[in-house]
Structures are given as structure tokens and as C-alpha cells.
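>>> Coordinates for the following, if possible.
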Amino acid sequence: MNGCCPLHIACSKGHLDITRELLKLDMDLSAVQDNEDRTPLHWAVIKGRVNIIAEILSVSLESAEMITKHGETILHLAVKNNHFEVLKFLMESLNVSNLMNLQDTHGNTILHLATVRKLTTMVIYLLNLGVEVNILNQKGYTALDVVEADASNSGALAIIPALQEAGAKRCDQLPPNFQDIQQVVSPNLGAWPRKSGSNSTSFQSPSSSQHSYDNHQRKHNNNYRATRRKKIELQSEGLRNARKTITVVAVLIATVTFAAGINPPGGFNQESGKALLGKKSAFKVFLVCNIVALFLSLGIVNVLVSVIPFKRRSMMKLMVATHKVMWISTFFMASAYIAAIWSILPQGKGAYWVLGEVVIIGGGCTMAVFLSLGILLVRQWKRKSDWRKRREDHNKKMKGESPKSNISRVEEMKVVKKDSHEGSSNSDVDSSDHGYHLY
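Reported below is the predicted structural model:
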């Protein structure tokens with residue numbers, strides 16, 4: 001429905017429990033946009049769902065400064081839909097001073113919208129907060145021009161004196177170069193160029209440039225999130241395939257060791273049914289190693305069949321544990337094979353020569369595999385260590401700059417949020433560009 005995801009609908013309908021569960025499932029859903037570039041937070045503001053807004057902001061602040069296709073912020077939508085409690089909640093909960101004077105695609109600020117709708121309480125509240133009162137919209141009108149255009153309305157009787165007391169003026173009362181002065185004094189206002197006649201100078205508006213930059217930045221962030229989400233999906237699929245592979249290998253080891261146990265090297269005594277080589281030390285080593293390999297592989301199969309993790313981190317821990325046990329089981333199976341060869345060889349120098357060849361060839365191949373995997377594992381650990389170091393340096397830099405800089409409270413809380421959730425980020429995906437990782 002118009003590009004809406006389930007979280008859009010839950011926020012619009014005011015379903016707090018569903019919203020909470022969806023955000024627990026994936027916090028990035030809060031930044032998903034519909035066909036009009038509206039996020040779930042935008043829908044909650046449009047419908048006046050204060051409890052939903054508080055829930056989204058407590059989990060993610062990414063969508064607090066996102067704008068719609070028409071350049072509307074969450075403050076624009078709160079004023080446009082006459083939700084004073086929502087506007088007050090946003091103003092008191094977050095330092096959104098950088099959004100107070102932003103303009104939509106028509107050049108209207110939240111003060112323009114409040115005055116044109118004759119929302120007296122909201123206008124007075126905004127004036128007390130110190131919004132800029134003389135910004136020109138795309139038609140070249142200030143907030144005072146907008147309200148005086150319909151001064152016959154009873155709501156205008158209280159709004160006009162309040163605007164004039166705050167220093168509001170009509171567009172014809174402003175100096176000719178007021179637009180340029182305004183941008184020098186407050187470059188973040190993003191005022192639109194005044195269209196006051198044929199001799200007016202045409203120039204690229206800062207708000208238009210800022211809007212284009214925001215759109216570019218939003219597209220970049222969306223592309224990054226989509227790419228990262230795809231990598232995580234591929235990693236999760238790889239973990240599931242690895243789980244199936246370990247299960248198959250464990251079943252094969254169990255099958256081989258079971259067959260070797262009931263058909264031991266050297267065969268049976270036809271009369272007593274006892275193993276002919278049962279008294280040899282090599283046979284006893286074979287028997288112990290074979291039994292260990294059998295029951296370790298059976299344990300792996302039982303664990304993988306019984307435990308069904310649905311989170312990537314839990315799946316990763318399960319794979320690490322079963323992978324290590326599988327290597328131990330493989331080692332004991334190889335040891336059982338060497339012991340079986342030793343037990344059936346005739347004693348003498350020839351037997352030692354054959355056994356030496358088996359150990360050298362088998363051990364050499366195994367060591368080559370271990371050495372190769374060890375090198376790859378060390379390289380991966382180094383990449384992860386370098387990535388974590390860069391992340392920590394970046395976080396320290398952000399924390400160090402945050403109190404001194406003039407960024408909004410939203411940005412400061414983004415840093416805190418990033419720090420609190422960074423430990424749960426997927427370091428295997430973020431630190432590797434080789435398309436694989438070891439565990």
C-alpha cells in the first residue's frame with residue numbers, strides 16, 4: 001500500500017505492542033520510507049500517536065531528521081495536522097532547533113503553516129521558542145503576510161499582534177537585500193529567493209541545495225543499508241549451509257566409525273566371536289579413538305537437530321562450537337585409521353616403514369590444511385582488530401567533538417545510540433571485503 005511496510009501501518013493505527021515487537025526485530029525498519037518518503041515516525045506524527053513517537057525515538061533517532069518528498073519534517077507534519085501535543089512533545093524531548101526554520105518545497109516554515117491555519121496556540125508557542133519570523137516562502141511572503149491575507153478571520157486578531165511583538169514584518173517592509181543578510185547571519189534557515197519583480201536577482205537557494213544534499217545523503221545511507229543487509233542475508237544463508245554441511249559430515253563420521261566398530265581390523269574368531277587382534281596395543285588405541293569419534297559425531301548431530309537458532313549471533317556461536325567438535329571427531333577418526341593400519345601390519349622393519357609413510361602423508365596433508373586455515377584465520381582476526389580500532393577512534397572523536405560542536409541533540413543521541421549498539425554490530429561483515437569469514 002503506497003510502499004508502506006507493516007511498521008508504517010502499525011504506527012498509523014496506533015498499535016504500540018506491534019510497533020515495539022517490529023522494532024525489536026529490526027531497528028532499521030524505523031528508517032524505511034514509503035512512496036512519499038514518509039517513515040513510520042512521519043505516520044505516527046501525522047496521526048498524532050505520541051506513545052508511538054516516544055517508542056520509535058527511544059529505539060532509533062535516524063528518522064527524526066528525515067524529510068518527505070515534499071520537504072516536510074516531523075515538525076511540518078505536526079503543525080500541518082494540528083497536533084499541538086505532538087509538536088510540544090517533539091520540542092521538549094529533542095533539541096530540534098535545526099529543524100525549526102527549515103522550509104518545505106513551497107518554502108513554508110512551520111510558522112507559515114501555523115499562521116495560514118490560524119492555529120493561535122501553536123503560533124504563540126513557536127514564537128516563545130524563538131523561531132525566525134521573517135523568512136520568505138517561495139511566493140515571497142512572510143508569516144505576517146500570510147496571516148494578514150485573511151485578517152477577517154477571528155484567529156488572526158490574536159496572531160497578528162503576537163507576530164508584530166516578536167518583530168515580524170511584511171515582505172515590503174524588509175530591506176531589498178534582506179534575503180542575503182539572512183543567509184549570512186543564519187545560513188541554516190534555508191530561505192527561498194524572494195520573487196518581488198522582474199529585476200530580482202535569481203540565485204540557487206541554500207534550502208534547495210541543502211534539500212538536494214539531504215536527498216543525496218539519504219540515498220547514500222539507504223544504499224549502504226541495503227548493501228549491508230544483503231551481506232548479512234548472504235552470511236546468514238552461508239551459516240545455514242555450513243550447519244547442513246557439518247550435520248552431513250558428522251553423520252558420515254558416525255557411519256564410518258560405526259562400521260569400523262562392528263567390523264574391526266583383523267576380523268573375528270569364528271568360534272568365539274572375539275576380535276583376533278584384541279590383545280594388541282594398537283587395536284586398543286584404534287578402539288578408543290573410534291568410539292570417541294563415533295559419539296562426538298553423534299553428539300554434533302543431536303545438537304544441530306535439536307537446537308534451531310533464529311538469531312545470527314546465536315547461530316554463529318552454535319557453528320563455532322560444533323565446528324570445533326567436528327575437528328576433534330575428525331582427528332580421532334584419523335587416529336583410529338592409523339591405529340587400525342598399525343594393528344594389521346606384520347611386525348618388523350617393513351611395518352614401521354609403512355606406518356611412517358602413512359603418518360607422514362596423512363599428517364602432512366592435515367598440517368597443510370591446518371596451516372592454510374590458520375593463516376586465513378589470523379588475517380581475519382587482524383582485519384577485525386583494525387576495524388574495531390577504527391570504530392573506537394571514530395567514537396572517541398565523536399564524543400570529544402559533540403560537546404564543543406553546534407550539532408543538535410538528535411545528532412548527539414545518534415552517537416550515544418551508535419555506541420550502545422555497536423557491540424552488537426556484525427564485525428565479520430563490516431570488517432571483511434573478501435566475501436568470506438572463518439569461525
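>>> Do you know the pLDDT at the residue in the chain sticking out farthest from the centre?
For the chain, the largest distance from the centre (C-alpha atoms, centre = their mean) belongs to residue 271, which lies 69.7 Å off. We note a pLDDT of 78 for residue 271 in this prediction.
>>> can you check residue 226 too?
Looking at residue 226, its pLDDT is 67.
>>> now residue 419
Confidence at residue 419, expressed as pLDDT, is 45.
>>> Three-state assignment for the residue lying closest to residue 35 once chain neighbours are set aside, please.
Once flanking residues are discounted, residue 35 sits nearest to residue 3: 3.9 Å by C-beta to C-beta, 6 or more residues apart in numbering. Where you see a C-beta, it was placed from the backbone N, CA and C, and this is true even at glycine. Following DSSP: H, G, I helix; E, B strand; the rest coil, the label given to residue 3 is coil.
>>> ok, now which ones touch residue 3?
33, 34, 35, 36 (C-beta atoms under 8 Å, 6 or more residues apart in numbering).
>>> In JSON lines: those, plus neighbour count.
Below are the contacts of residue 3 laid out as JSON lines (neighbours: other C-beta atoms under 10 Å):
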{"residue": "33", "neighbour count": "20"}
{"residue": "34", "neighbour count": "18"}
{"residue": "35", "neighbour count": "10"}
{"residue": "36", "neighbour count": "13"}
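>>> and which of these is nearest to residue 336?
Top of the list for closeness to residue 336, among the contacts of residue 3 and by C-beta to C-beta, is residue 33 at 59.8 Å.
>>> what about the closest residue to that closest one other than its chain neighbours, distance to residue 80?
Excluding the flanking residues, the one nearest residue 33 by C-beta to C-beta, 6+ apart is residue 39, at 5.6 Å. Counting by C-beta to C-beta, to the nearest Å, the gap from residue 39 to residue 80 is 16 Å.
>>> The two - which one has more neighbours?
residue 39 (27 against 19; other C-beta atoms under 10 Å).
>>> how close does residue 284 get to residue 362?
In this view, residue 284 and residue 362 are 20 Å apart by C-beta to C-beta.
>>> Off-centre distance for the helix or strand containing residue 287?
Using DSSP states H and E, the element containing residue 287 is helix 281-306. Helix 281-306 has its C-alpha centroid displaced from the chain centroid by 42 Å (C-alpha atoms, centre = their mean, to the nearest Å).
>>> what about the closest residue to residue 291 other than its chain neighbours, which SS state?
Here the nearest residue to residue 291 in space, its sequence neighbours aside, is residue 261; by C-beta to C-beta, 6+ apart that works out to 7.1 Å. Following three-state DSSP, residue 261 is assigned to helix.
>>> The one 3 residues further on too?
On the three-state scheme (three-state DSSP), residue 264 is labelled coil.
>>> Can you give me every residue that contacts it?
Per C-beta under 8 Å, 6+ apart, neighbours of residue 264: 275, 277, 283, 286, 287, 340.
>>> Next, find the distance separating the third one from residue 343.
Here the criterion is C-beta to C-beta. By it, residue 283 lies 4 Å from residue 343.
>>> Over to the first one?
Distance, residue 275 to residue 343, using C-beta to C-beta: 10 Å.
>>> any residues in contact with both of those two?
In contact with both residue 275 and residue 343: 266, 283, using C-beta under 8 Å, 6+ apart.
>>> out of the two, which sits in the more crowded spot?
residue 343 (22 against 17).
>>> hang on, isn't that one packed against residue 279?
No: Residue 343 is beyond contact range of residue 279, at 10.3 Å (criterion: C-beta atoms under 8 Å).
>>> neighbours of residue 344, just the number please.
18.
>>> Isn't it up against residue 265?
Yes: Residue 344 is within contact range of residue 265, at 4.7 Å (criterion: C-beta under 8 Å).
>>> overlap in contacts of these two?
Counting by C-beta under 8 Å, 6+ apart, the contacts common to residue 344 and residue 265 are residue 277.
>>> tell me which helix or strand of this protein sits lowest on mean pLDDT?
When each helix and strand of the chain is scored by mean pLDDT, DSSP states H and E, helix 409-421 comes last, with a mean of 47.
>>> residues touching residue 329, list them.
Residue 329 is in contact with 250, 253, 292, 293, 296, 297, 300, counting by C-beta under 8 Å, 6+ apart.
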